[in-house]
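In: Quick one, structure for this:
(one chain, ligands or ions: 1)
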Amino acid sequence: MSCAAEVPGPDTTSGVGQGTERDLLVSDVQHLDPFEIELSTYSVPADLPDPATAAAFFAGEKTGSAALQFLETALSSGALPLDDGFDRIIHPGAIFLHDAHLLYYLTRSLRPEMVVETGFGYGLSAALLLSAMRVNGRGTLVSMDPILQSPSPAGVRLLAKLGLEGHRPVAEPSALGLAAMAAKYREPRLKLSFVDGSHHFDAKMIDFYLLDRMTEVHGIIALHDPDGSAVETLISFIEANRPYRVARPVSTLAICQKLEHDTRLWDHFVPFHVSQRHHGSGLI
Ligand SMILES: C[S@@+](CC[C@H](N)C(=O)[O-])C[C@H]1O[C@@H](n2cnc3c(N)ncnc32)[C@H](O)[C@@H]1O
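Out: Prediction:
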């Protein structure tokens with residue numbers, strides 16, 4: 001798809017600034033029900049930014065934002081300093097800075113009431129998405145990851161350190177969490193989600209299938225690691241079988257924009273390319 005310059009772009013006048021930087025206790029978020037958020041209808045911009053536009057926008061907004069400056073340093077250096085005095089090595093695994101620019105720009109542009117991510121890890125993508133929603137003045141992030149079963153996940157402590165609110169963790173494999181969500185949200189009203197959980201092909205396909213059911217026309221499902229065999233194969237399936245356009249503005253992120261709802265006949269099937277590269281390195 002084109003990464004056009006005529007994107008409506010983020011509204012830089014209606015945000016509420018960076019909000020207050022207070023500690024968010026882990027106990028504040030664990031009891032929240034992620035399925036009790038009312039979603040309204042919205043209009044979604046039809047085009048997407050290019051990486052340079054997104055980077056310039058991020059650079060403008062990071063001034064005066066301790067959270068964005070912290071994230072930029074962590075994503076650039078690959079080291080995440082936490083409150084226990086230990087640095088976590090975040091790459092490979094976490095988003096890269098150029099992914100952050102694009103996800104930040106999209107979140108600021110779309111002003112979603114809710115974003116869903118699969119794969120929380122150390123919380124870098126979550127912190128980035130919540131930073132954008134804080135400037136938007138609204139928005140909740142639902143993160144699904146079994147790692148959240150830990151009593152004090154490092155990523156939740158990161159969100160607390162940065163004073164980011166609006167996080168609703170789901171300590172389940174995303175197949176289970178998304179199935180429960182899709183049963184509740186029968187109207188497709190998501191406009192942004194981020195897939196970065198299990199890198200098994202079957203898990204990626206289930207993430208996409210369930211997120212698609214909840215995604216508004218023109219909404220976006222962003223897939224991390226399109227160079228991996230599972231995501232490469234999923235993208236081939238999507239392009240051959242589903243009304244989406246897929247952009248890869250950077251090598252580590254594919255942005256899939258829904259063009260229409262699914263109207264296939266019940267037995268529709270178009271063959272698609274399956275990656276022949278074996279994986280198992282555990283590197284992505
Ligand atoms: C690459 S990391 C996510 C990094 C994160 N998005 C970031 O940018 O900081 C992948 C995560 O997926 C999680 N994961 C593994 N299997 C999963 C599943 N079935 N559902 C959801 N998350 C899963 C792992 O626990 C791990 O934390």
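In: burial of R242, as a residue count?
Out: 19 (other Cβ atoms under 10 Å). In short, each C-beta sits where N, CA and C put it, glycine included.
In: How about the secondary structure of I255?
Out: State at I255, reduced to three classes by DSSP: H, G, I helix; E, B strand; the rest coil: strand.
In: Might one say that it is in contact with P249?
Out: Yes. Assessed by Cβ atoms under 8 Å, I255 is found in contact with P249 at 6.7 Å.
In: Pick out whichever of those two has more residues nearby.
Out: For I255 versus P249, neighbours defined as other Cβ under 10 Å are more numerous around I255 (24 against 21).
In: Now that one: closest residue in space, sequence neighbours ignored.
Out: Counting by Cβ to Cβ, 6 or more residues apart in numbering, the nearest residue to I255 once its immediate chain neighbours are dropped is A247, at 4.7 Å.
In: Find residues that contact each of I255 and P249.
Out: The contact sets of I255 and P249 overlap at 48, 102 (Cβ atoms under 8 Å, 6 or more residues apart in numbering).
In: To what extent is Y185 buried, counted in neighbours?
Out: If we define neighbours as other Cβ under 10 Å, then Y185 has 17 of them.
In: On the three-state scheme, R168 is what?
Out: Each residue gets one of three states, and R168 gets strand by three-state DSSP.
In: so it sits right up against M144, yeah?
Out: No. R168 lies out of contact with M144 (Cβ under 8 Å); the separation is 9.7 Å.
In: which of those two has more neighbours?
Out: Between R168 and M144, counting by other Cβ under 10 Å, M144 is the more crowded of the two (26 against 19).
In: Quickly note the distance from that one to G163.
Out: Distance of M144 to G163, given as Cβ to Cβ, to the nearest Å: 23 Å.
In: that's a strand at the residue nearest to I255, yeah?
Out: Yes. Per three-state DSSP, A247 lies within a strand segment.
In: immediately after the helix or strand of the chain with the lowest mean pLDDT, which helix or strand?
Out: Of all helical and strand segments in the chain, the minimum by mean pLDDT, DSSP states H and E falls on helix 26-30, at a mean of 39. Per DSSP states H and E, helix 26-30 leads on to helix 51-62 as the next helix or strand towards the C-terminus.
In: Just the residues contacting the next helix-or-strand element following that following helix, thanks.
Out: Using DSSP H and E, the helix or strand that follows helix 51-62 towards the C-terminus is helix 66-77. For helix 66-77, contacts defined as Cβ under 8 Å, 6+ apart pick out 18, 21, 58, 61-62, 80-81, 90, 94-97, 100, 104, 124, 127-128, 131, 134, 162-164.
In: Check the offset of helix 66-77 from the chain's centre.
Out: Distance, stretch centre to chain centre, for helix 66-77: 17 Å (Cα atoms, centre = their mean, to the nearest Å).
In: Ok, stretch 140-160 next?
Out: The answer for stretch 140-160 is 14 Å, by Cα atoms, centre = their mean.
In: Are it and the ligand in contact anywhere?
Out: Yes. Using Cβ under 6 Å from any ligand atom, stretch 140-160 reaches the ligand at 144-147.
In: Please convert those to JSON lines, extending it with pLDDT and distance to P51.
Out: As requested, the residues of stretch 140-160 next to the ligand are exported to JSON lines (pLDDT from 0 to 100; distance: Cβ to Cβ, whole Å):
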{"residue": "M144", "pLDDT": "97", "distance to P51": "27"}
{"residue": "D145", "pLDDT": "97", "distance to P51": "27"}
{"residue": "P146", "pLDDT": "97", "distance to P51": "32"}
{"residue": "I147", "pLDDT": "95", "distance to P51": "29"}
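In: just those now: which is nearest A179?
Out: M144 (10.6 Å; Cβ to Cβ).
In: which residues does the closest one contact?
Out: So M144 contacts 116-120, 170, 172-174, 177-178, 197 (Cβ under 8 Å, 6+ apart).
In: what about 10 Å?
Out: 34, 116-120, 168-178, 180-181, 197, 207 (Cβ atoms under 10 Å, 6 or more residues apart in numbering).
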